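[1] sequence first, predicted model second:
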Amino acid sequence: MSNIPVLLLTYNRPKYTKKNIDNLRKIKPKKIFIFCDGPKNNKDKNLCEDTIKETQKINWKCKIEKKFLKKNLGCKEGVSLAINWFFKRNYKGIILEDDCIANKSFFEFCNKMFSFYKNSKKVGCITGDNFLSNEFKFKNGYYFSKYANCWGWATWRHTWKLYKKDINFWPNFKKSKSWEKNFLSSEERKYWSLVFDECYKDKIDSWAYSWTLSLWKNNLLTVTPSKNLVKNIGLSSSRKKISMYSSIIYKMKYLNVKKIKFNNNLKIDQKADNYVFENHFKGKMKIRLWKILRIFNQ
């Protein structure tokens with residue numbers, strides 16, 4: 001059984017919730033917190049009710065706390081509320097969305113990283129996601145990234161307290177020397193400036209971008225495993241799916257956590273991050289696309 005508290009974020013996808021709970025049954029976390037956003041309409045209401053029924057099928061010995069909303073708050077507001085609630089009750093924990101299926105080694109990895117970096121002032125997040133090709137090798141079993149990928153992740157209460165949902169600091173931070181001379185490449189800075197501009201204007205409903213920027217503002221790193229430990233089953237039904245998502249770099253693999261060695265070289269692996277920026281986020285391609293769209297919209 002895993003001693004790390006788990007927050008399961010659900011909404012209107014009972015099939016995904018069932019699969020996630022079936023998977024958690026193999027791990028048997030001792031503390032589970034379940035959040036379900038409220039319905040947008042009658043169809044949503046039925047699906048949310050079915051989702052809640054699935055959460056009632058947790059049948060192993062554990063402590064369960066639930067927070068089910070009657071009204072829909074959406075991605076940014078709803079998830080922010082859920083994680084705030086979770087960390088008021090726990091000093092560390094794992095966060096899983098309903099379509100993010102984590103294997104056993106993810107929980108073992110989080111446990112080890114929590115132990116390694118519990119007193120660190122530079123590590124702010126632990127992710128289970130690895131979006132690299134097989135060409136990348138890491139002798140310690142993990143590396144440090146600027147990207148807090150959230151298809152299964154973990155953090156501490158003191159780090160989450162740095163989270164600013166509405167990124168009200170962004171306009172001033174964007175003009176600061178800290179932003180101009182941080183760990184981003186020039187292309188990354190262009191891309192993320194465009195993203196955060198949209199978030200600040202509430203044109204993107206996302207808690208994850210706000211979380212990323214909050215980590216960057218505080219110069220915090222994300223521990224990333226050498227193998228991908230989480231499978232996003234929601235990708236197969238997404239309209240945004242592209243062929244890359246079914247490639248080998250997104251397949252879930254087992255990581256022998258016992259062989260992981262402590263790495264005190266707290267530096268971003270820029271080569272790995274460049275790969276993620278170009279191949280996962282499609283950063284350079286999107287910058288070119290945005291420039292074209294701006295020309296046509298003038």
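    Right, received. Where do you want to start?

[2] flag the shaky bits of this protein, pLDDT-wise.
    Residue ranges of the chain with pLDDT under 70: 236-249, 290-298.

[3] okay, helices next: where are they in it?
    14-27, 42-55, 74-89, 104-116, 157-160, 170-175, 177-180, 186-200, 208-217, 270-279, 283-297 (DSSP state H).

[4] same for the first one, what does it pack against?
    Judged by 3 or more CB pairs under 8 Å, 6 or more residues apart in numbering; DSSP states H and E, helix 14-27 is in contact with strand 6-10, helix 42-55, strand 100-102, helix 104-116. (Each C-beta comes from the backbone N, C-alpha and C, glycine too.)

[5] show me which positions of the second one end up buried.
    What that stands for is helix 42-55. By neighbour count with 16 or more other CB atoms under 10 Å, helix 42-55 contains the buried residues Asp44, Leu47, Cys48, Thr51, Ile52, Glu54, Thr55.

[6] just to revisit the earlier point, next, format the helices of the chain as a markdown table and append distance to Tyr142.
    As requested, these are arranged in a markdown table below (distance: least, CB to CB, whole Å):
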| stretch | distance to Tyr142 |
| --- | --- |
| helix 14-27 | 20 |
| helix 42-55 | 32 |
| helix 74-89 | 23 |
| helix 104-116 | 8 |
| helix 157-160 | 18 |
| helix 170-175 | 29 |
| helix 177-180 | 26 |
| helix 186-200 | 21 |
| helix 208-217 | 17 |
| helix 270-279 | 11 |
| helix 283-297 | 23 |
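
[7] those helices: which one's closest to Cys150?
    Closest of the helices of the chain to Cys150 is helix 208-217, at 5.1 Å (criterion: CB to CB).

[8] centre of the chain to the closest one, how far?
    11 Å (CA atoms, centre = their mean, to the nearest Å).

[9] one step back: between the helices of the chain, which gets nearest to Leu229?
    Closest among the helices of the chain, using CB to CB: helix 104-116, at 3.8 Å.

[10] give me the contacts around that closest one.
    2-4, 26-27, 29, 92, 94, 123, 126, 128, 142, 152, 154, 156, 223, 225, 227, 229-230, 254-257, 260, 262 (CB atoms under 8 Å, 6 or more residues apart in numbering).

[11] next: stretch 33-48.
    With CB under 8 Å, 6+ apart as the criterion, stretch 33-48 contacts 5-14, 51-52, 55, 64-74, 78, 81-82, 85-86, 89-90, 93.

[12] what's the closest of the helices and strands packed on helix 14-27 to Asn168?
    Taking those one by one with CB to CB, strand 6-10 is closest: 24.2 Å.

[13] helices or strands up against that closest one?
    Counting contacts by 3+ CB pairs under 8 Å, 6+ apart, strand 6-10 packs against helix 14-27, strand 31-36, helix 42-55, helix 74-89, strand 92-97.

[14] now with 7 Å, please.
    Packing partners of strand 6-10 (3 or more CB pairs under 7 Å, 6 or more residues apart in numbering; DSSP states H and E): strand 31-36, helix 74-89, strand 92-97.

[15] in TSV: those, plus distance to Glu188 and mean neighbour count.
    Compiled in TSV, the helices and strands packed on strand 6-10 are given as follows (distance: least, CB to CB, whole Å; neighbours: other CB atoms under 10 Å):
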stretch	distance to Glu188	mean neighbour count
strand 31-36	32	22
helix 74-89	22	18
strand 92-97	25	23
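
[16] Lys261 and Ser226, how far apart?
    Distance of Lys261 to Ser226, computed by CB to CB, to the nearest Å: 11 Å.

[17] ok, now Ala208?
    23 Å.

[18] can you check Asp129 too?
    Asp129 is 12 Å from Ser226, by CB to CB.

[19] these two: who's more crowded?
    Of the pair Asp129 and Ser226, Asp129 is the one with more neighbours under other CB atoms under 10 Å, namely 28 against 20.

[20] got a list of what the more buried one touches?
    Asn149, Trp151, Gly152, Asn228, Val230 (CB atoms under 7 Å, 6 or more residues apart in numbering).

[21] for Lys253, same thing?
    So Lys253 contacts Lys227, Asn228 (CB under 7 Å, 6+ apart).
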